[in-house]
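Visitor: Quick one, fold the following:
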Amino acid sequence: MAKPRINVHITRDVWRRLDHATQRPGVTKAAIVDAALAAFLSPEAEERRDALILRRLDRVDRRAERLERALTVTAETLALFVRYYLTMTPPLPEQDRRAAQALGRERFEGFIEQLAKRLASGTSLSVQVLEDEDTRPSESSNEDPS
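Guide: You can find the predicted model right below:
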């Protein structure tokens, strides 16, 4: 029984690669195309693609969870600082406000410069603090072992 015949158009690059692959003895273009279509249309290929997609989605989900956690910690830290600052800082007398505002602008500019440097360096203060904490000798290691 004769096999069904199809006519397809492929790119020149794929044609060259197909032609090169058929230089080996016993390999035909029809056999290569038939095997490629069978692999592409097989249920296993679809399952492999689905598994790859699921693995990638799981990684994306874990990253999103870490980002959400970091954002929550950052927001809570900022909220606690603002709350502390607002409850502990008394209002300034009218005559001291101009000097305080000028000092505040100067300190804010310094803060922005430090922030820009840290962002440009790619180092995180929280990571640096945790690393410094890990390298600091613990109280128990300072005790005399004898």
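Visitor: Quick one: name whatever helix or strand follows the regular element (helix or strand) spanning Tyr85.
Guide: Secondary structure assignment for Tyr85, by DSSP states H and E: helix 43-88. For helix 43-88, the following helix or strand on the C-terminal side (DSSP H and E) is helix 97-121.
Visitor: contact partners of that following helix?
Guide: For helix 97-121, contacts defined as C-beta atoms under 8 Å, 6 or more residues apart in numbering pick out 92, 124-125. Every C-beta, even on glycine, is put in place using the N, C-alpha and C of the backbone.
Visitor: quick one: which of these is nearest Ala39?
Guide: For the contacts of helix 97-121, the residue nearest Ala39 by C-beta to C-beta is Ser124; the value is 45.6 Å.
Visitor: Tell me who's in contact with that closest one.
Guide: Ser124 neighbours (C-beta under 8 Å, 6+ apart): Arg118.
Visitor: phi, psi of it?
Guide: Dihedral pair for Ser124: phi -100, psi 130, per degrees, to the nearest 10.
Visitor: The lowest-mean-pLDDT helix or strand in the chain vs helix 97-121, what angle?
Guide: Ranked by mean pLDDT, DSSP states H and E, the weakest helix or strand in the chain is helix 125-135, scoring a mean of 80. Angle of helix 125-135 versus helix 97-121, following axes from the mean of the first three to the mean of the last three C-alpha atoms, to 10 degrees, is 70 degrees.
Visitor: Point out where the chain drops to low pLDDT.
Guide: When residues are selected by pLDDT under 70, those of the chain lie in 138-146.
Visitor: quick check: domain ranges of it?
Guide: 12-41, 98-134 (automatic domain parsing).
Visitor: which one of these lies closest to Ile53?
Guide: Nearest of the domains of the chain (C-beta to C-beta): domain 12-41, 16.3 Å.
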